[in-house]
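1. model the structure of this input:
(one chain, ligands or ions: 1)
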Amino acid sequence: MSSDVVVIGAGISGYAAALRLRRAGATVTLVTKGMGGLALSPGTVDVLGRLGGAAGPAGPGAGTTAEERSARRAITRPYAAIAAADLLPEGHPYRVIGRRATAAGVDRFAALVGSELLTARPDAVEDAGAGDAGAGSGGSAAPAGDGPANLWLPTAVGAIRPTLLVQPSMQASVLRDGGHYLVVGLARLKDFTADMAAGNLNRSTLPDGGRVRARALTVDFVARGGESDTNAVGHARALDGAEGIDRLARLLDGRVRDGETVLLPAVLGLDRPGVFRELAERLGAPVGEIPLVPPSVPGLRLEHRLDRLASAERVRMVMGARVVSTRVERGRLVSVTTAAAGRPREHRAAAFILAAGGFESGALAMDSHGRVTDTVLGLPLAGVTADGAENLRRLVHRDYWGAPQGLFRVGVAVDAGMRPLGPDGAAALAGVHAVGGVLAGAVRWSEKSGEGIALGSAQAAVDAVLADLGCPPAHTAAAEADAATSRAAGPGESKEQD
Ligand SMILES: Cc1cc2nc3c(=O)[nH]c(=O)nc-3n(C[C@H](O)[C@H](O)[C@H](O)COP(=O)(O)OP(=O)(O)OC[C@H]3O[C@@H](n4cnc5c(N)ncnc54)[C@H](O)[C@@H]3O)c2cc1C
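-> Next up, the predicted model:
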């Protein structure tokens with residue numbers, strides 16, 4: 001099987017790259033052994049929220065010692081921080097991706113999924129089309145000045161975390177100085193305790209020094225008859241229907257005080273993202289969602305949207321397909337072979353995008369001897385040595401709440417076109433571009449940089465691939481418009497289970 005481009009991995013970076021390539025007219029096969037990290041994610045877009053300090057619990061100033069707390073720097077304007085490269089640690093992926101590609105990738109992604117699923121500013125909910133900011137830029141826009149500011153969202157335990165883009169259902173959850181919040185727990189949803197979340201919010205200070213007031217209320221909403229313990233997805237399905245919304249509204253009727261914003265765990269509908277609005281109308285008060293631990297309903301909303309877009313755009317999806325071997329000819333990757341149920345299948349392409357994630361997805365692995373490898377393409381990794389014992393000594397420590405594990409920064413080093421580099425700084429394998437979680441140099445979950453790195457690197461990689469395929473990025477806006485016209489004219493989708 002042959003395509004212009006094979007994308008390996010179905011996380012945010014793989015989908016973003018595959019969809020943009022299709023819109024530019026390339027044929028794309030996306031092979032993946034399973035789902036990506038979106039279903040685990042809060043369904044927001046984190047670009048850069050913190051730098052330095054301990055890897056401990058989220059929230060401004062969090063850390064285990066006074067020294068660590070002061071070393072941990074909250075980032076207010078992520079694009080300005082990316083542009084000021086000296087803030088970033090040596091080898092950080094943003095140093096090569098840069099502000100322009102990051103902003104273009106993030107804007108493009110927001111336009112792709114639509115303002116119904118992602119918005120940038122608290123006032124964007126009522127501002128139709130505001131989520132499309134940057135659409136039509138042809139990938140060339142960079143935000144003016146310092147760019148948009150991070151928003152501060154509560155976590156499920158009432159800590160505070162920075163993010164850049166939120167779902168409209170979270171706009172009311174963006175914490176503001178002097179805000180009064182009613183935190184509502186659902187007795188049968190064990191992943192969220194309103195008392196704990198409200199208590200911690202009352203103790204927290206916003207990065208600008210602001211404070212909030214929160215009180216807790218728990219109601220017994222029955223998501224599925226006969227169940228005393230229903231997960232977030234079960235609750236969300238119950239709230240996809242008018243009957244569920246009506247029952248929840250009745251439980252809250254008369255319980256919300258004047259001036260309060262109602263915060264609920266993020267279960268306000270899986271398929272109907274407007275459930276929060278209906279509830280707000282019933283209660284006469286703003287309603288916001290607080291993202292939960294996995295499985296994350298807001299993350300699944302994004303995942304479902306991307307999956308539907310990939311079908312509509314005729315990305316050839318090959319699911320359940322793990323890359324098990326590669327064919328390299330004269331220093332260039334020409335095919336990868338996937339296997340499922342013992343059936344090998346070769347996928348040839350002019351270019352390959354490695355979007356297989358990091359240690360969390362198994363794309364990178366450390367064995368018991370301390371040997372660290374890229375399990376997909378076998379690319380050289382930055383930040384490790386061939387001596388496993390030394391890797392174990394240098395890269396892993398047992399102080400979980402202390403400094404980030406050195407291992408987390410291990411990954412593939414790349415040039416500005418996301419081409420993998422060897423230890424000598426020379427190109428490691430032609431025909432390959434690496435994006436997202438596989439890149440070296442970031443501790444994505446503590447920095448809150450995972451989605452920004454994924455989208456910025458996908459943007460830079462696709463620019464390079466399109467240039468190599470003879471379709472310069474400057475021409476892609478027109479090509480994308482043509483592709484959209486021909487898509488509108490023709491049916492078709494392709495999805496396979498290997
Ligand atoms: C629990 C958790 C919490 C996190 N919290 C945050 C946070 O709060 N903020 C933040 O910014 N970031 C966070 N991150 C990081 C963020 O989720 C990642 O940076 C992001 O998911 C990376 O996306 P990706 O597309 O590169 O890879 P992934 O989403 O990991 O997708 C990788 C894809 O590659 C596929 N794959 C892997 N190996 C193969 C193979 N051999 N063959 C075929 N396919 C393969 C996988 O099946 C998967 O589909 C968190 C990560 C985890 C795990």
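2. L300 versus S204, what's the distance?
-> 28 Å (C-beta to C-beta, to the nearest Å). To be clear about C-beta, it is placed using only N, CA and C from the backbone, and glycine gets the same treatment.
3. do the same with G402
-> 33 Å.
4. the two: which has the busier surroundings?
-> Taking neighbours as other C-beta atoms under 10 Å, G402 and L300 compare with L300 leading, 22 against 15.
5. sec struct for L333, please.
-> Assigned state for L333: strand (three-state reduction, DSSP: H, G, I helix; E, B strand; the rest coil).
6. burial count for A198?
-> As a measure of burial, A198 has 24 neighbours, counting by other C-beta under 10 Å.
7. list of residues touching the helix or strand hosting it?
-> Using DSSP states H and E, A198 sits in helix 194-203. Where contact means C-beta atoms under 8 Å, 6 or more residues apart in numbering, the residues beyond helix 194-203 that reach it are 154, 156-160, 175, 181, 183-185, 212-218, 263, 290.
8. stretch 218-228 now?
-> 184-189, 194-195, 230, 234-235, 237-239, 244, 247-248, 251-252, 255.
9. and it, how far apart are its ends?
-> 14 Å (C-alpha to C-alpha, to the nearest Å).
10. tally of neighbours for the closest residue to A16 other than its chain neighbours?
-> Nearest non-adjacent residue to A16, counting by C-beta to C-beta, 6 or more residues apart in numbering: A458, 4.2 Å away. Per other C-beta under 10 Å, the neighbour tally for A458 reads 32.
11. ok, now which ones touch A458?
-> S13, G14, A16, A17, R20, G105, I353, A355, V435, G436.
12. filter those residues down to the ones near the ligand?
-> Among these, the residues within reach of the ligand (C-beta under 6 Å from any ligand atom) are S13, G14, A355, G436.
13. next SSE downstream of the helix holding A198?
-> Next along from helix 194-203, by DSSP H and E: strand 213-219.
14. tell me which strands that next one pairs with, and in which orientation.
-> strand 180-186 (parallel) (DSSP bridges).
15. what does the strand it pairs with contact?
-> 158, 192-195, 197-198, 201, 212-221, 223, 235, 252, 255-257, 259-265, 267, 285, 290.
16. so the residue in the stretch 101-250 of the chain positioned nearest to the ligand: helix, strand or coil?
-> In the stretch 101-250 of the chain, no residue comes nearer to the ligand than R161, which is 6.9 Å away by C-beta to the nearest ligand atom. Here R161 is strand, with the state taken from three-state DSSP.
17. number of residues surrounding it?
-> With other C-beta under 10 Å as criterion, R161 counts 23.
18. and the one 4 residues further on, by the same measure?
-> A count of neighbours around L165, defined by other C-beta under 10 Å, yields 26.
19. also V318?
-> 22.
20. okay, and the beta partners of it?
-> V318 has the following beta-bridge partners by DSSP bridges: V31, E496.
21. can you pull the pLDDT of it?
-> Here the pLDDT value assigned to V318 is 96.
22. measure it to A461 for me?
-> 20 Å.
23. try D468
-> 11 Å.
24. neighbour count winner among those two?
-> A461 (33 against 17).
25. any idea how far the more buried one is from R99?
-> Taking C-beta to C-beta, one finds A461 at 17 Å from R99.
26. report the secondary structure state of the residue nearest to G357 when sequence neighbours are not counted.
-> Once flanking residues are discounted, G357 sits nearest to G437: 4.0 Å by C-beta to C-beta, 6+ apart. Per three-state DSSP, the local secondary structure of G437 is helix.
27. now do G437, the pLDDT please.
-> pLDDT, read off for G437, is 98.
28. go on, P265?
-> So P265 comes in at 98 (pLDDT).
29. surely it and F192 touch.
-> Yes - between P265 and F192 there is a contact at 4.0 Å, judged by C-beta atoms under 8 Å.
30. what residues are shared contacts of those two?
-> A156, G185, L186, I290, L292.
31. the nearest residue to D208 once chain neighbours are set aside: which element?
-> Of all residues not flanking D208 in the chain, D177 sits nearest, at 6.8 Å (C-beta to C-beta, 6+ apart). Counting by DSSP H and E, no helix or strand carries D177.
32. next one: R108
-> Counting by DSSP H and E, R108 is part of helix 93-113.
33. tell me how many other residues crowd the residue of the stretch 1-150 of the chain found nearest the ligand.
-> Taking C-beta to the nearest ligand atom, the ligand has its nearest neighbour within the stretch 1-150 of the chain at G11, 2.2 Å off. Using other C-beta under 10 Å, the number of residues around G11 comes to 29.
34. do the same with the one 3 residues further on
-> Counted with other C-beta under 10 Å, the burial measure for G14 works out to 28 neighbours.
35. how about S3?
-> S3 has 19 nearby residues by other C-beta under 10 Å.
36. R327 in helix, strand or coil?
-> strand.
37. make that E227, sorry
-> E227 - assigned by three-state DSSP - is coil.
38. show the buried residues in the contacts of helix 194-203.
-> For the contacts of helix 194-203, a neighbour count by 16 or more other C-beta atoms under 10 Å gives the buried set as 154, 156-160, 175, 181, 183-185, 212, 214-217, 263, 290.
39. what's near enough to touch the nearest residue to A83 once chain neighbours are set aside?
-> Of all residues not flanking A83 in the chain, R99 sits nearest, at 4.4 Å (C-beta to C-beta, 6+ apart). With contact set as C-beta under 8 Å, 6+ apart, R99 has these partners: Y79, I82, A83, A142, G147.
40. report the two of these separated the most.
-> Largest separation among the contacts of R99 by C-beta to C-beta: I82 and A142, giving 10.3 Å.
41. looking at those two, which one has more neighbours?
-> Set I82 next to A142 and count neighbours by other C-beta under 10 Å: I82 wins out with 27 against 17.
42. that one reaches V96, doesn't it?
-> No - I82 is beyond contact range of V96, at 11.0 Å (criterion: C-beta under 8 Å).
43. distance between the ends of stretch 413-427?
-> 10 Å.
44. same question for stretch 399-406.
-> 12 Å.
45. got the buried residues for it?
-> A403, P404, Q405, G406.
46. which bits of the stretch 51-200 of the chain sit near the ligand?
-> So the stretch 51-200 of the chain never meets the ligand (C-beta under 6 Å from any ligand atom).
47. any regions of the stretch 51-200 of the chain where pLDDT drops low?
-> Low-confidence segments of the stretch 51-200 of the chain (pLDDT under 70): 53-72, 120-144.
48. one more pass at 50, please.
-> 54-70, 122-141 (pLDDT under 50).
49. helix/strand/coil for V262?
-> Relying on three-state DSSP, one would call V262 strand.
50. wait, T27 sits on V6?
-> No - look at T27 against V6 with C-beta under 8 Å: they stay out of range, at 9.9 Å.
51. so what does the top strand by length along the chain touch, helix or strand wise?
-> Using DSSP state E, we find that the single longest strand of the chain is strand 343-354. For strand 343-354, the packing partners by 3 or more C-beta pairs under 8 Å, 6 or more residues apart in numbering; DSSP states H and E come out as strand 2-8, helix 12-23, strand 28-31, strand 322-329, strand 332-340, strand 432-434, helix 450-468.
52. so does the last one get close to the ligand?
-> Spelled out, that is helix 450-468. Yes - using C-beta under 6 Å from any ligand atom, we find that helix 450-468 touches the ligand at G450, E451, A454.
53. just put those in TSV and tack on distance to R332 and pLDDT.
-> Putting the residues of helix 450-468 next to the ligand into TSV (distance: C-beta to C-beta, whole Å; pLDDT from 0 to 100) gives the following:
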residue	distance to R332	pLDDT
G450	30	97
E451	31	98
A454	25	98
